[in-house]
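**Q** A structural model of the following input is requested.
(4 chains)
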There are 2 protein chains.
Amino acid sequence: MNLRDLRYLLAMAEHEHFGRAAKACGVSQPTLSVQLRKLEELLGVALFERSSRTATPTAACRRLLGHARAAVAETEAILAVARDLRDPLAGRFRLGIIPTLAPYLLPLVFAPLRDALPDLELEPWEDQTAALLDRLRAHELDAVLLATEVDGPDLASRPLFAEPFLAALPPDHPLVGHAVVAEADLARDILVLADGHCLRDQTLEACGRNGALGSALGGALRASSLPTLLNMVAAGYGTTLIPGLAAGAAQDAGIVLRPLAAQAGRTVRIAWRAHFPRRAAVEAVGDVLATRLRGFVQAMTA
Amino acid sequence: MNLRDLRYLLAMAEHEHFGRAAKACGVSQPTLSVQLRKLEELLGVALFERSSRTATPTAACRRLLGHARAAVAETEAILAVARDLRDPLAGRFRLGIIPTLAPYLLPLVFAPLRDALPDLELEPWEDQTAALLDRLRAHELDAVLLATEVDGPDLASRPLFAEPFLAALPPDHPLVGHAVVAEADLARDILVLADGHCLRDQTLEACGRNGALGSALGGALRASSLPTLLNMVAAGYGTTLIPGLAAGAAQDAGIVLRPLAAQAGRTVRIAWRAHFPRRAAVEAVGDVLATRLRGFVQAMTA
DNA sequence: ATGCTGTCATAGGCTGCATCTATCACGTTG
DNA sequence: CAACGTGATAGATGCAGCCTATGACAGCAT
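**A** Numbers count the residues shown, from 1 in each chain, chains lettered A, B, ... in the order given. Sure, this is the predicted structure:
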């Protein structure tokens, strides 16, 4: 059985006339006659009572019509829904973002994203890098924003912008007197985030402390979030590096910021599954973020 | 668009694997690949995200699946209605039966069904109530036999016969001395089937133990089938209620049976989808069962 | 009666498309 | 690095739907 046959059936039921029904279907009269005959043979039921002047649907035909109409309607619904879904820049877009980036980036980009991609329903999801990549691979996210390279042939990524780190100092810290702080000078009393945050590893690497923490404070005080870490620095427990986008929040917490001598920083990337079909949406989101952040980062490093 | 394409789509959504979906459709893998690709082009939407190891449905695909299922179901309804119009009592009839009923009922009714409905190809399917209702709603069964009420406006049912429960006792059990056993007297050392069997709940309710099991044995020993439960009773682990039709099997296992004081029992019903077109077949099967079982149950309670 | 007209069925040829087998490309796995 | 599994691609083939042309038949007019 074929949907075409069902359309023929519906047309015949409406017109009760082979020639007119055929014209309504855009086929010749013999075509419709033959196909309906075949349908009758397939179903084993007479669908039309043919007389020389007219062809009327049988009772059996009327029993089937409702189902035929429903089947045709459902297929047309498929076409209609597909038409709505056709735009890759429309629909839900689940974007994972690492916790040291999300709260500072999102306020900057929500409005530009809504302007550039009004039909994209952005659903941010905040988690650490490893969890984000798991969810990305599990098709639970469409793309992720992170600050590390991604590897594996199943994923692809693209850099969006470079985000410089800044030295975060308690107001009464000796280094406050310097206009520029050398990364290595922070190593002595550096504080870092808990395991799993990429910022932790990057901070330690930039300051030359890529092994275990020597400071007793670093072991005892575990900052599980960047705001907590900022509070700890502000309270004088030590120093740290913060990502540039968090500068405002750091200053609000009463922290003194200084640029870094070696200009340590991180590159924020957008990553996606290599075979993700809505590549256009990924690129569009990436373009908006890169454009929005370009000026911001330039201003910060100037 | 073609119904065939929709079937391919459904198979792919189910298997998430081109080769297996193709086999399920009875076509070669390239055929299914090409046709699905064409469908994607027609709809203008990516339906599957292909990676080297797997192909997962996209969000768009999932939005379309319901309509596709409905369209296919309607065309199959057309075939079913046609068959019904030709001869409602012919063709395949997939009948779900709960496990505590099937092995004891089927031997009794196979011959009468074949005599009364020689053209009906009965395909029994044994599973627990919830699974049966799922399959019934999914059009994978035509009707089900169960021992509970069904609810929901999409289903209908009809009682066929009342099946009394019997007390099942180990031969050396103190209650063996009684000609009639009170349900409540069994509560102390009652054994029941694993979760999911309606007989479990009905047994507990009849014996006034509708909460958690007090018996240590009830918790430790889990009978996943009625024959196993019978063996456990025969071995002296405890007592239970069995459905009347299983009396023969119970006695074969060396169990002593006694009628129940309050005549606890269950009502076996046949249930079907409210819009199932072959209602006549359901009624005919129901009539045969009810007729065959009427005498049997009367003899048992006499 | 006998054409004439309208209707549906039939015949024969053409075309397109779904299908197959064979093969390639590629990533995973041992 | 070789073997395997998976999906994509290419070329050949056959069936099915389509068309035009024509037939069969009934009603209707002259």
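**Q** how close does the nearest residue to residue A:127 once chain neighbours are set aside sit to residue A:3?
**A** Nearest non-adjacent residue to residue A:127, counting by CB to CB, 6 or more residues apart in numbering or on different chains: residue A:96, 6.2 Å away. All C-beta spots, glycine's among them, are computed from the backbone N, C-alpha and C. Residue A:96 sits 41 Å away from residue A:3, going by CB to CB, to the nearest Å.
**Q** which of the two has more neighbours?
**A** Higher neighbour count among residue A:96 and residue A:3: residue A:96, with 27 against 21, using other CB atoms under 10 Å in any protein chain shown.
**Q** for the record, mean pLDDT for the lengthiest helix in chain A?
**A** Longest helix in chain A by number of residues (criterion: DSSP state H): helix A:59-85. Helix A:59-85 shows a mean pLDDT of 89.
**Q** ok, back up a step: so the residue nearest to residue A:127 lies in a helix, does it not?
**A** No - Residue A:96: not assigned to a helix; according to DSSP: H, G, I helix; E, B strand; the rest coil it is strand.
**Q** quick one: contacts for it?
**A** By CB atoms under 8 Å, 6 or more residues apart in numbering or on different chains, the contact set of residue A:96 is A:124-127, A:132, A:135-136, A:141, A:143-146.
**Q** what about the helices in the stretch 1-150 of chain A?
**A** Here the stretch 1-150 of chain A has its helices, by DSSP state H, counting those that start in this stretch, at A:3-15, A:18-25, A:29-43, A:59-85, A:102-116, A:129-137.
**Q** check which helices and strands the third one is in contact with.
**A** When you say that, I think you mean helix A:29-43. Packing contacts for helix A:29-43, counted by 3 or more CB pairs under 8 Å, 6 or more residues apart in numbering or on different chains; DSSP states H and E, involve helix A:3-15, helix A:18-25, helix B:59-86.
**Q** give me the angle between it and helix A:59-85.
**A** Put simply, helix A:29-43 runs at 110 degrees to helix A:59-85, going by axes from the mean of the first three to the mean of the last three CA atoms, to 10 degrees.
**Q** is helix A:29-43 positioned near DNA strand C?
**A** Yes - looking at helix A:29-43 against DNA strand C by CB under 7 Å from any atom of the strand, the contacts come from A:29-30, A:33-34, A:36-37.
**Q** that helix versus helix A:3-15: what angle between them?
**A** 110 degrees.
**Q** could you list the buried residues of helix A:29-43?
**A** Neighbour-count burial for helix A:29-43 flags A:32-33, A:35-36, A:39-40, A:43 (criterion: 16 or more other CB atoms under 10 Å in any protein chain shown).
**Q** and those, which is closest to residue B:112?
**A** The closest of those to residue B:112 turns out to be residue A:43 (CB to CB; 30.6 Å).
**Q** quick check: the farthest pair among the residues of helix A:29-43 next to DNA strand C?
**A** Every pair of the residues of helix A:29-43 next to DNA strand C checked by CB to CB; the farthest is A:29 and A:37, at 12.4 Å.
**Q** tell me the helix or strand right after the lowest-mean-pLDDT helix or strand in chain A.
**A** Within chain A, confidence by mean pLDDT, DSSP states H and E is lowest for helix A:216-220 among all helices and strands, at a mean of 47. As assigned by DSSP states H and E, the chain's next helix or strand after helix A:216-220 is helix A:226-234.
**Q** now that next one against helix A:102-116, angle please.
**A** Using the same axes, to 10 degrees: helix A:226-234 against helix A:102-116 is 130 degrees.
**Q** which elements pack onto helix A:226-234?
**A** Identification of packing neighbours for helix A:226-234 by 3+ CB pairs under 8 Å, 6+ apart yields strand A:155-169, strand A:240-243, helix A:247-252.
**Q** please work out which of those is packed deepest.
**A** strand A:240-243 (a mean of 25; mean count of other CB atoms under 10 Å in any protein chain shown).
**Q** partner strands of it, with direction?
**A** Paired strands of strand A:240-243, with direction, are strand A:155-169 (antiparallel) (DSSP bridges).
**Q** average pLDDT for the strand it pairs with, rounded please.
**A** What strand A:155-169 shows for mean pLDDT is 94.
**Q** secondary structure class of residue A:203, three-state.
**A** Following three-state DSSP, the label given to residue A:203 is helix.
**Q** for the nearest residue to it once chain neighbours are set aside, give the beta-bridge partners.
**A** Of all residues beyond its chain neighbours, the one nearest residue A:203 is residue A:241 (4.5 Å), with distances taken as CB to CB, 6+ apart. Note on residue A:241: beta-bridge partners by DSSP bridges are residue A:167.
**Q** and residue A:241, how far from DNA strand D?
**A** When distance is defined by CB to the nearest atom of the strand, to the nearest Å, residue A:241 is 40 Å away from DNA strand D.
**Q** now do residue A:94
**A** Separation of residue A:94 from DNA strand D (CB to the nearest atom of the strand) stands at 24 Å.
**Q** dump the residue contacts of that residue.
**A** Residue A:94 makes contacts with A:123, A:125, A:140-143, as judged by CB under 8 Å, 6+ apart.
**Q** next: residue A:182.
**A** Counting by CB under 8 Å, 6+ apart, residue A:182 has contacts A:260-262.
**Q** mind giving me the PyMOL select for those, buried ones only?
**A** Filtering those down to the buried ones (16+ other CB under 10 Å) takes a single PyMOL command:
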select buried, chain A and resi 260
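**Q** could I get the contacts of residue A:182 as CSV with distance to residue B:47, pLDDT and secondary structure?
**A** Output for the contacts of residue A:182, formatted as CSV (distance: CB to CB, whole Å; pLDDT from 0 to 100; DSSP: H, G, I helix; E, B strand; the rest coil):
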residue, distance to residue B:47, pLDDT, secondary structure
A:260, 49, 94, strand
A:261, 54, 93, coil
A:262, 50, 90, coil
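**Q** turn the contacts of residue A:182 into TSV, including distance to chain B.
**A** Converted to TSV, the contacts of residue A:182 look like this (distance: CB to the nearest CB, whole Å):
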residue	distance to chain B
A:260	41
A:261	45
A:262	40
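**Q** closest one of the contacts of residue A:182 to DNA strand C?
**A** Nearest to DNA strand C among the contacts of residue A:182 is residue A:262, at 36.5 Å by CB to the nearest atom of the strand.
**Q** can you pull the phi/psi pair for that closest one?
**A** phi -90, psi 10 (degrees, to the nearest 10).
**Q** check residue A:99 too.
**A** phi -70, psi -20.
**Q** ok, and the closest non-adjacent residue to it?
**A** Nearest one to residue A:99, counting by CB to CB, 6+ apart, is residue A:126 at 5.4 Å.
**Q** swap in residue A:164?
**A** Leaving aside its sequence neighbours, residue A:164 sits nearest to residue A:265 (CB to CB, 6+ apart; 4.0 Å).
**Q** got the contact list for the one you found?
**A** Here residue A:265 is in contact with A:162-165, A:243-244 (criterion: CB under 8 Å, 6+ apart).
**Q** show the average pLDDT along stretch A:173-191.
**A** Computed over stretch A:173-191, the average pLDDT equals 90.
**Q** next, the buried residues of it.
**A** For stretch A:173-191, the neighbour count (16+ other CB under 10 Å) marks A:173, A:175, A:181, A:183, A:185-187, A:189-191 as buried.
**Q** can you give me the neighbour number for residue A:263?
**A** 13.
**Q** to which secondary structure element is it assigned?
**A** Residue-wise, residue A:263 maps onto no helix or strand under DSSP H and E.
**Q** go ahead and confirm it touches residue A:162.
**A** No - using CB atoms under 8 Å, residue A:263 is not in contact with residue A:162; the gap is 9.4 Å.
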